[in-house]
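In: Whatever this is, show me its structure:
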Amino acid sequence: MNIEWKIVPARELASLAASWDALQARLLPHAFLRTHFLLPLLEQFGTGQELLVYSEGADGWTVALLVQPIGQGRWNTFQPSQLPLGPALLPDGNTEALLQSLLRRLPGLALSLGLTQQDTLFCKVTADTPTLRRQHYIDTAWVDIETDFDTYWEARGKNLRQNSRKQLKKVEGTGVTPRLDVIEAADEVATALAQYGELETSGWKAELGTAISMEGAQGRFYQRALEGAARAGQMRIYRYWFGEEVVAMDLCVHQGDCLVILKTAYQQAHHAVSPSTLMRVDEFRALFAEGRFKRIEFYGRVMEWHTRWTEASRPLVHLTAFRWGWLKALQDWRARRAPATA
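Out: A predicted model of the protein is given here:
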């Protein structure tokens, strides 16, 4: 495959944003793969070794990836934990040949290139080839918006419906009327993230050190990324209130007819009434009534609680391209032997 690759430091994505975003809108339209999301990721979590690789034709870019070295001769897509999918914008067609071409243009002697967390809704590689490995990563869940909310809700399990009704009555029995609001303006993001950080610090994420702090890299990233998404009209923050207290929040981005829930937090002190569940009932009811979106994505490993909201799931996969077929065969052989020799 004859592709003229251009390879530049990833920081140059800022000056090439229009070209990346135009290709992204055609090939993989999720707002977290827009440059207003990727540039803050590179700024806060990049090492400076990341590269932007792309090729262009008469009508603009045809393929683009953000990649990083991970060891001698080994490369992966740039994949901080805050990014649901690997930033690889690939056209339909011969993925194996395309990646073989790129391997021979990356700096040094590139032996392998991994495309992490690829969505099988868009990635059409269905099996291994002589130089390309396809590995299951996780299953992810989503909700299709195809009916009215009442029809959708009636199809949920009896436990979810009954428990949420009981929990709501318990809250209302204290004299509190829960309410949901939505933030979409960039100038409200900082305040909302401070509230979100307070929710996370009330729970287990504080113990792990993964709660959002406005002074830390997580807080700086989310503020810049969500403000950028808000300016593009692609951000929503849902807040659920008990009176004057915020008790649950969802951080979301959207593009086209799909909304992605990036993060959820709730006030641990109210866990007995599941404020995140009560929030999601009202949130989903509003989304179904709005008629703007056709799909709600969770983009994370399917958990038991996901299955209460949907039966739908699909795999995310890792792809690894090897420079030579014999190298893939050797790696496959070593992987098969590992359990027997452990």
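
In: Excluding covalently adjacent residues, which one is nearest to residue 47?
Out: Excluding its sequence neighbours, the residue lying closest to residue 47 (Cβ to Cβ, 6 or more residues apart in numbering) is residue 68, at 7.1 Å. Just so you know, the C-beta spots here come from the backbone N, C-alpha and C atoms, and that holds for glycine as well.

In: Partner strands of the helix or strand harbouring that neighbour, with direction?
Out: Here residue 68 sits within strand 60-71, counting by DSSP states H and E. Strand 60-71 has its sheet partners listed here by DSSP bridges as strand 51-57 (antiparallel), strand 74-77 (antiparallel), strand 88-89 (antiparallel).

In: Just name the most buried of the ones you listed.
Out: The highest mean neighbour count among the strands paired with strand 60-71, using mean count of other Cβ atoms under 10 Å, belongs to strand 88-89: a mean of 24.

In: pLDDT on that strand, on average?
Out: Per-region confidence: strand 88-89 scores 98 on mean pLDDT.

In: List the contacts of that strand.
Out: 20, 23-24, 27-28, 33, 61, 63-66, 77, 115, 118 (Cβ atoms under 8 Å, 6 or more residues apart in numbering).

In: Rebuild those residues as JSON lines, extending it with pLDDT and distance to residue 43.
Out: Output for the contacts of strand 88-89, formatted as JSON lines (pLDDT from 0 to 100; distance: Cβ to Cβ, whole Å):
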{"residue": "20", "pLDDT": "98", "distance to residue 43": "16"}
{"residue": "23", "pLDDT": "98", "distance to residue 43": "21"}
{"residue": "24", "pLDDT": "98", "distance to residue 43": "19"}
{"residue": "27", "pLDDT": "97", "distance to residue 43": "24"}
{"residue": "28", "pLDDT": "97", "distance to residue 43": "22"}
{"residue": "33", "pLDDT": "98", "distance to residue 43": "16"}
{"residue": "61", "pLDDT": "98", "distance to residue 43": "22"}
{"residue": "63", "pLDDT": "98", "distance to residue 43": "24"}
{"residue": "64", "pLDDT": "98", "distance to residue 43": "19"}
{"residue": "65", "pLDDT": "98", "distance to residue 43": "19"}
{"residue": "66", "pLDDT": "98", "distance to residue 43": "13"}
{"residue": "77", "pLDDT": "98", "distance to residue 43": "18"}
{"residue": "115", "pLDDT": "98", "distance to residue 43": "23"}
{"residue": "118", "pLDDT": "98", "distance to residue 43": "24"}
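
In: Nearest to residue 172 among those?
Out: residue 33 (41.0 Å; Cβ to Cβ).

In: what number of residues lie near the closest one?
Out: Close neighbours of residue 33, defined as other Cβ atoms under 10 Å, add up to 25.

In: Reformat the strands paired with strand 60-71 as TSV; add distance to residue 10.
Out: Formatted as TSV, the strands paired with strand 60-71 follow (distance: least, Cβ to Cβ, whole Å):
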stretch	distance to residue 10
strand 51-57	5
strand 74-77	11
strand 88-89	13
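
In: so which of these gets nearest residue 216?
Out: Nearest of these to residue 216, taken as Cβ to Cβ: strand 74-77 at 24.4 Å.

In: Do a quick rundown of the helices in the stretch 101-250 of the chain.
Out: Assigned helices in the stretch 101-250 of the chain, in chain order: 149-154, 158-172, 189-201, 204-208, 217-231 (criterion: DSSP state H, counting those that start in this stretch).

In: deepest of those helices, which one?
Out: helix 217-231 (a mean of 21).

In: Just the mean pLDDT for it, thanks.
Out: For helix 217-231, mean pLDDT rounds to 96.

In: since we're on residue 147, how many residues are nearby?
Out: Neighbour count of residue 147, defined by other Cβ under 10 Å: 12.

In: what's the nearest residue to it if we skip its chain neighbours?
Out: Nearest residue to residue 147 in three dimensions, chain neighbours excluded: residue 288, at 7.6 Å (Cβ to Cβ, 6+ apart).

In: What helix or strand is the one you found located in?
Out: Per DSSP H and E, residue 288 falls inside helix 275-290.

In: between that helix and helix 158-172, how big is the angle?
Out: 110 degrees (axes from the mean of the first three to the mean of the last three Cα atoms, to 10 degrees).

In: now the angle from the following helix or strand past helix 275-290 to helix 275-290?
Out: Toward the C-terminus, helix 275-290 is succeeded by strand 295-301 as the next helix or strand (DSSP H and E). Following the same axes, to 10 degrees, one obtains 150 degrees for the angle between strand 295-301 and helix 275-290.

In: Pull the contacting residues for residue 23.
Out: 60-64, 89.

In: Let's have those in JSON lines, adding distance to residue 230.
Out: Shown next, in JSON lines, are the contacts of residue 23 (distance: Cβ to Cβ, whole Å):
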{"residue": "60", "distance to residue 230": "26"}
{"residue": "61", "distance to residue 230": "26"}
{"residue": "62", "distance to residue 230": "30"}
{"residue": "63", "distance to residue 230": "29"}
{"residue": "64", "distance to residue 230": "24"}
{"residue": "89", "distance to residue 230": "23"}
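
In: Report the buried members of these.
Out: With burial judged by 16 or more other Cβ atoms under 10 Å, the buried subset of those is 61-64, 89.

In: which one of the contacts of strand 88-89 sits closest to residue 46?
Out: Closest approach between the contacts of strand 88-89 and residue 46, by Cβ to Cβ: residue 66, at 9.1 Å.
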